[in-house]
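Engineer: Pasted the sequence and its predicted model underneath.
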Amino acid sequence: MVKLATPTCARRVSKRAWEIQNAFDELDVCGFESFTSWESKDHMSADIYHEQEYMLEMVQTREKSDKADLFSSLLKENSAGGEKAALSVREMVGNIFVLLVAGHETAAHTLCFTFLLLALHQEEQEKLFQQVEGLLPGGRAPTYEEMPLFTQAMAIYYETLRMYPPVTWIPKVCAEDTVLTATSADGTRTEQVPVHAGTNITVDVVGLHYNPRYWEEPSEFKPSRFIGEWNKDAFIPFSTGSHACLGRKFFEYEAIAILAMLISKYQIEIPTKDGETFEQKKARVLATTTAITLTPGHIPVTFRRRDS
Ligand code: HEM
């Protein structure tokens, strides 16, 4: 077992995220206590300063609104806690930052990839529809306790996250001297690789998720591989260890609720272009770029009402 630590720039998935992280480390984000002068914009670039301003504005506007979303609930709970329990505005902004940067884009892109994959694989969409119809006729949101019943939805999300992990590599620092064993692709040769404490390590999420040693036909969309027993060590979209994603359960519930409600009412489709083969359509629909996270292209998707 290698001891890896999360570097100070833990959430650095791009220079942009790193800049924002630096600016907000001072705001008690994720438990950092090193608050200095958060009003000062000397140490941060103009647009990050504006992002901070933007979040402050969001807090002020929402405090006056009666919206029933997560953000407003956070503010409401905060003021209900009384003087002692309440988070300061700084801490509030820190929490919003986490939801926005760590939780929004990752979840949004995963949902997009899921819709694209389901549009391409109508047979998987039909299986999901049948399960949702059986469990929740009428299309209400499942409760948290009902989540484990939605095996198809979970398998579809996991397969999406295996093939299109929003965070494609995870930066770590080796915490102590160690020796890694590298194995050749065919598994016949091994080599000992000494790694010293302080060495930067990149955990290659995509490399692991497409390794044929752990996944049969890794380039194929096969949600069924996540039903029954599967290799949990070879699946790390949320990372692993003490700094693994804090929002995993939040995302999983959110994702199942969205998928169950949506699929019960709509069929997801993407029109095929004239003369386009399935392989060509797949390459067009699933083309990616990497911004802060792995990003899908702008593909128009049709949500056809099932009762129309
Ligand atoms: C598909 C959805 C998501 C994916 C794939 C994802 C992935 C990740 C990854 C790879 C890390 C880095 C862990 C490490 O450094 O070892 C992380 C950290 C984190 N994520 Fe997520 N995440 C998702 C959704 C969310 C949501 C919805 C939230 C909040 C509501 C969230 C909050 C966090 C936080 C707070 C951390 C930092 C944990 C720490 O350093 O201790 N994430 N996430």
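Structural biologist: Okay, I see it. Numbering: from 1, shown residues only.

Engineer: low-scoring pLDDT stretches of the stretch 1-150 of the chain, where are they?
Structural biologist: By pLDDT under 70, the low-scoring segments of the stretch 1-150 of the chain are 1-51, 81-85.

Engineer: what does the protein have sitting close to the ligand?
Structural biologist: For the chain, the residues in contact with the ligand (C-beta under 6 Å from any ligand atom) are 6, 10, 30, 98-99, 102-103, 106-107, 110, 166-167, 170, 237-239, 243-247, 250-251. (Glycine included, C-beta is placed from N, CA and C.)

Engineer: Tell me how far residue 304 lies from the ligand.
Structural biologist: Distance of residue 304 to the ligand, computed by C-beta to the nearest ligand atom, to the nearest Å: 26 Å.

Engineer: Specify the beta-bridge partners of that residue.
Structural biologist: Counting by DSSP bridges, residue 304 is bridged to residue 267.

Engineer: ranges for the strands of this protein?
Structural biologist: Assigned by DSSP state E, the strands in the chain fall at 4-5, 169-174, 178-183, 190-195, 200-204, 266-269, 288-290, 294-296, 302-305.

Engineer: thinking again about what came up before, can you flag the buried ones in the residues of the chain next to the ligand?
Structural biologist: Among the residues of the chain next to the ligand, the ones that count as buried by 16 or more other C-beta atoms under 10 Å are 6, 10, 30, 98-99, 102-103, 106-107, 110, 166-167, 170, 237-239, 245, 251.

Engineer: which stretches of the stretch 101-250 of the chain form helices?
Structural biologist: Here the stretch 101-250 of the chain has its helices, by DSSP state H, counting those that start in this stretch, at 105-120, 122-135, 151-163, 205-209, 248-265.

Engineer: Looking at this structure, which residue is nearest the ligand?
Structural biologist: residue 247 (2.0 Å; C-beta to the nearest ligand atom).

Engineer: thought that residue was touching residue 101?
Structural biologist: No. Residue 247 lies out of contact with residue 101 (C-beta atoms under 8 Å); the separation is 11.1 Å.

Engineer: returning to what we had before: please identify the most buried of the helices of the stretch 101-250 of the chain.
Structural biologist: helix 151-163 (a mean of 22; mean count of other C-beta atoms under 10 Å).
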